[in-house]
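Trainee: Got a predicted structure here, sequence first:
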Amino acid sequence: MNLTIMTEKRDSHYFMTLDGELDLYTASKFQEALEPIKSEGTHDIKIDLSKLSYMDSTGLGIFVGTLKSLGKNNNELYVIGASERIERLFEITGLKDLMNITKGDES
Amino acid sequence: MPYTQNIYDDYKDIVRRYVLGQEQEALHQCLGFCERVIKMNSATEELVQIHMDVVDEIDLKDASEIKKSLEILREVHIKLGVSFKVYRDMAEKIEVHDKELDVASQLQDSMLKTTIPKFDGIDLGVLSVPANKVSGDYFNIIDHNDGMMTFGVADVIGKGIPAALAMSMIKFSMDSNGYSQYPSDSLRKLNRVVEKNINQNMFITMFYGMFDNNTKLLYYASAGHEPALVYRYETDTFEEIDAKGIVLGVKKFVTYEQRQVRMAERDMLIVFTDGVSELRKRDDTIIDFNEIKEMIRVNRDGHPQDIVQFIYEKLISITHPTKRDDLTLFILKNLN
């Protein structure tokens, strides 16, 4: 299983769609896609996870790094459409309180 | 013909275009051709044979044509030489990386080894098995010699030496609590240390417990760790126990909720990492946690060390061969 990432620059934020599995093997791809946005440091990021079927703790680690990096510039991280299992990971780890999680397809 | 037809056709196309068609840019195709040769694991010595066969097939007889065709062979060998150097550099890097992992692995085996203390009235069972050389899981158990025992089960997200160093932070922080300290305070202190010293994408989940062997009260707090289980012997039921708290290393100032639960005779506390609860099976599905509960239930009269060993052997037999994670299981059984 692989991971396909689409990134789109919108007015106030970057919109990303993850399709596939985010784990030890695909995490670096996600990391590379985020790097230019993080170094720009001017935009919020909205990530659509509705097509993400699996995420492990390495994937969570990238969300943690992104949260820390966005926090430095007071930018926000939005997560949209995560499956129940993935949302549970954000819930258990307490990361849910640091990001904006919504159920809808896009906001 | 020992080489593949595709490789042969590609080479023939280059020779035709460059020698007969006088297309200078045909030489640019050599790089892509070499990449395909490497990808297909073809023996490079076969290239000379390919060259000779192609020269025969397209019937090059004129000395100047043959000489020109040799320019292609020379170009291919130069490109293959460059690719080989890249390959060799990469192999060297992997070797250095492997050595670093060996150092981290030795560090874990020596400095971070935990011996399981013996207590009157409690039996303990722990098993922690890394998926690779270096584990991301860590556990520590401390006997305070005052009827109190503290323990922690942690999962460090991040690998290699940084992960091993993060574990040493946990160990030294726990060991420095010379007297028994409540789990919520310990996690708060630990978070301060970890937050200052950890890489950006790293974090630690940890279940921190303190068992008072006199009152049989278990105090616990969690830094974003998987909820633990309490098995009630008398009713043959499981209770999920969890306390609110964020993972270590993400936020500077954090407080952790602390809860307590009383352990009755023969009740068990089961703490684990996501290598157990999120285990990927051979068919790539995730384990149904009821299967693990059942393994505990059928062994409820056994010693915790035998129970963790039993579960581990079962899990290993159903786990996906290439998607293994570090796996830790900790069971505390209250005997009276």
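Mentor: That came in fine, so what should we check first? Numbering: from 1, shown residues only, chains lettered A, B, ... in the order given.
Trainee: from what I can see B:P130 touches B:D155, true?
Mentor: No. Using Cβ atoms under 8 Å, B:P130 is not in contact with B:D155, being 11.7 Å away. Using the backbone N, CA and C atoms, a C-beta is placed for each residue, glycine as well.
Trainee: what ranges do the helices span in the chain?
Mentor: Using chain A. Assigned helices in chain A, in chain order: A:27-40, A:57-72, A:84-92 (criterion: DSSP state H).
Trainee: The intended chain is chain B.
Mentor: All helices of chain B, identified by DSSP H, fall at B:5-15, B:29-39, B:46-57, B:63-110, B:160-176, B:183-197, B:274-277, B:289-298, B:304-318.
Trainee: check contacts around the residue in the stretch 1-150 of chain B positioned nearest to chain A.
Mentor: Residue nearest to chain A within the stretch 1-150 of chain B (Cβ to the nearest Cβ): B:G136, separated by 8.2 Å. Contact analysis of B:G136 by Cβ atoms under 8 Å, 6 or more residues apart in numbering or on different chains lists B:130, B:155-159, B:163, B:326.
Trainee: Next: A:L3.
Mentor: Going by Cβ under 8 Å, 6+ apart, A:L3 touches A:18-22, A:26, A:29-30.
Trainee: Could you find the closest non-adjacent residue to the residue in chain A positioned nearest to chain B?
Mentor: Nearest residue of chain A to chain B, counting by Cβ to the nearest Cβ: A:G94, 3.2 Å away. The shortest distance from A:G94 to any non-neighbouring residue, by Cβ to Cβ, 6 or more residues apart in numbering or on different chains, is to B:I246 (3.2 Å).
Trainee: The one you found contacts A:K96, doesn't it?
Mentor: No. Counting by Cβ under 8 Å, B:I246 does not reach A:K96; the two are 9.4 Å apart.
Trainee: what about these two, which has more around it?
Mentor: B:I246 (23 against 17; other Cβ atoms under 10 Å in any protein chain shown).
Trainee: Find the nearest non-adjacent residue to B:N299, please.
Mentor: Of all residues not flanking B:N299 in the chain, B:I307 sits nearest, at 4.5 Å (Cβ to Cβ, 6+ apart).
Trainee: wait, what's in contact with the one you found?
Mentor: Listed by Cβ under 8 Å, 6+ apart, the contact set of B:I307 reads B:125, B:295-296, B:299, B:331.
Trainee: Get me the contact residues on chain A for chain B.
Mentor: Proximity of chain A to chain B is confined to A:1, A:23, A:31, A:56-58, A:60-62, A:64-65, A:67-69, A:85, A:92-95, A:97-98 under the rule Cβ under 8 Å from any Cβ of the partner chain.
Trainee: sorry, back to before: could you export the contacts of B:I307 as JSON lines, including pLDDT and neighbour count?
Mentor: As requested, the contacts of B:I307 are exported to JSON lines (pLDDT from 0 to 100; neighbours: other Cβ atoms under 10 Å in any protein chain shown):
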{"residue": "B:G125", "pLDDT": "96", "neighbour count": "22"}
{"residue": "B:M295", "pLDDT": "96", "neighbour count": "17"}
{"residue": "B:I296", "pLDDT": "96", "neighbour count": "21"}
{"residue": "B:N299", "pLDDT": "96", "neighbour count": "18"}
{"residue": "B:I331", "pLDDT": "97", "neighbour count": "26"}
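Trainee: so which residue of the stretch 151-300 of chain B comes closest to chain A?
Mentor: Closest point on the stretch 151-300 of chain B to chain A, by Cβ to the nearest Cβ, is B:I246, at 3.2 Å.
Trainee: Tell me which of the helices of chain A sits most buried.
Mentor: helix A:57-72 (a mean of 21; mean count of other Cβ atoms under 10 Å in any protein chain shown).
Trainee: one step back: please enumerate the shared neighbours of B:P130 and B:D155.
Mentor: Joint contacts of B:P130 and B:D155 (Cβ under 8 Å, 6+ apart) are B:136-137, B:326.
Trainee: Sitting in strands, which of those do you find?
Mentor: Per DSSP state E, strands hold the following members of the shared contacts of B:P130 and B:D155: B:D137.
Trainee: Include distance to B:K67 and pLDDT when you put the shared contacts of B:P130 and B:D155 into CSV, please.
Mentor: CSV is the format used below for the shared contacts of B:P130 and B:D155 (distance: Cβ to Cβ, whole Å; pLDDT from 0 to 100):
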residue, distance to B:K67, pLDDT
B:G136, 60, 85
B:D137, 65, 89
B:D326, 61, 88
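Trainee: Tell me where the model's unsure across the chain.
Mentor: Just going to use chain A. Within chain A, the stretches with pLDDT under 70 are A:1, A:104-107.
Trainee: that's the other chain; I wanted chain B
Mentor: In chain B (pLDDT under 70), the answer is B:1-3, B:41-44, B:159-160, B:178-179.
Trainee: Show the backbone phi and psi for B:A131.
Mentor: For B:A131, the backbone dihedrals (degrees, to the nearest 10) come out as phi -80, psi -30.
Trainee: That one: neighbour count?
Mentor: Counted by other Cβ under 10 Å, the residues lying close to B:A131 total 18.
Trainee: any idea how far B:D137 is from it?
Mentor: Distance, B:A131 to B:D137, using Cβ to Cβ, to the nearest Å: 9 Å.
Trainee: Need the overlap of contacts for those two.
Mentor: Residues within reach of B:A131 and of B:D137 at once, by Cβ under 8 Å, 6+ apart, are B:275, B:326-327.
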